[in-house]
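In: sequence and predicted model, in that order:
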Amino acid sequence: MGGKPIFVLLVTIILLTVTAFDGGHVLAQSQYETAMKINKDLAKADGEMTKIYSQIMKEYAHDKEFIEKMKTAQRAWIRFRDAHLEALYPAKDKQSEYGSSYPSCYAMGILQLTRERIDHLMLWKEGVDEGDVCAGSVKFKQ
């Protein structure tokens, strides 16, 4: 899914941060603790997305056309995720332009978009009610 290179990049970037957010409260943490928490959250979300994607690919393996289209969609989503964050933070010198909170904001952006993608993928995993005339390639619930 392209997650490992992004995690290496994020850990490097995040090491510059000194705070994390928890339930609306700012918690002072070491740079290492902050990086580890965000890295753990990203790894969990990426792992969940990869698992769901793999389950979909296995369950729909009989539909070769769908499989090719889903692969294309997932690659496009990764490009969208990266382009979206570049549009949100377009400056060349991001640290100077957006300040010390930039690495955390960037990482949280990836996390948010990954969680949204998980929600979208769940449609194929869970299915829709029988009779949904707009279901397309989505299976019906059992």
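Out: Yep, it's here.
In: any idea how far M122 is from M70?
Out: To M122, M70 is 14 Å away according to C-beta to C-beta, to the nearest Å. Where you see a C-beta, it was placed from the backbone N, CA and C, and this is true even at glycine.
In: quick one: which of those two has more around it?
Out: More crowded of M70 and M122, by other C-beta atoms under 10 Å: M70, with 18 against 12.
In: which is the next helix or strand following the helix or strand hosting A87?
Out: Assigned by DSSP states H and E, A87 belongs to helix 64-88. Per DSSP H and E, the first helix or strand lying C-terminal to helix 64-88 is helix 94-98.
In: got a list of what M57 touches?
Out: 67, 70 (C-beta atoms under 8 Å, 6 or more residues apart in numbering).
In: tell me what angle the helix or strand in which it is found forms with helix 64-88.
Out: Using DSSP H and E, the element containing M57 is helix 31-59. Between helix 31-59 and helix 64-88, the angle comes out at 160 degrees (axes from the mean of the first three to the mean of the last three C-alpha atoms, to 10 degrees).
In: now the helix holding A87, how far from the centre of its chain.
Out: Centre-to-centre, helix 64-88 and its host chain are 11 Å apart (C-alpha atoms, centre = their mean, to the nearest Å).
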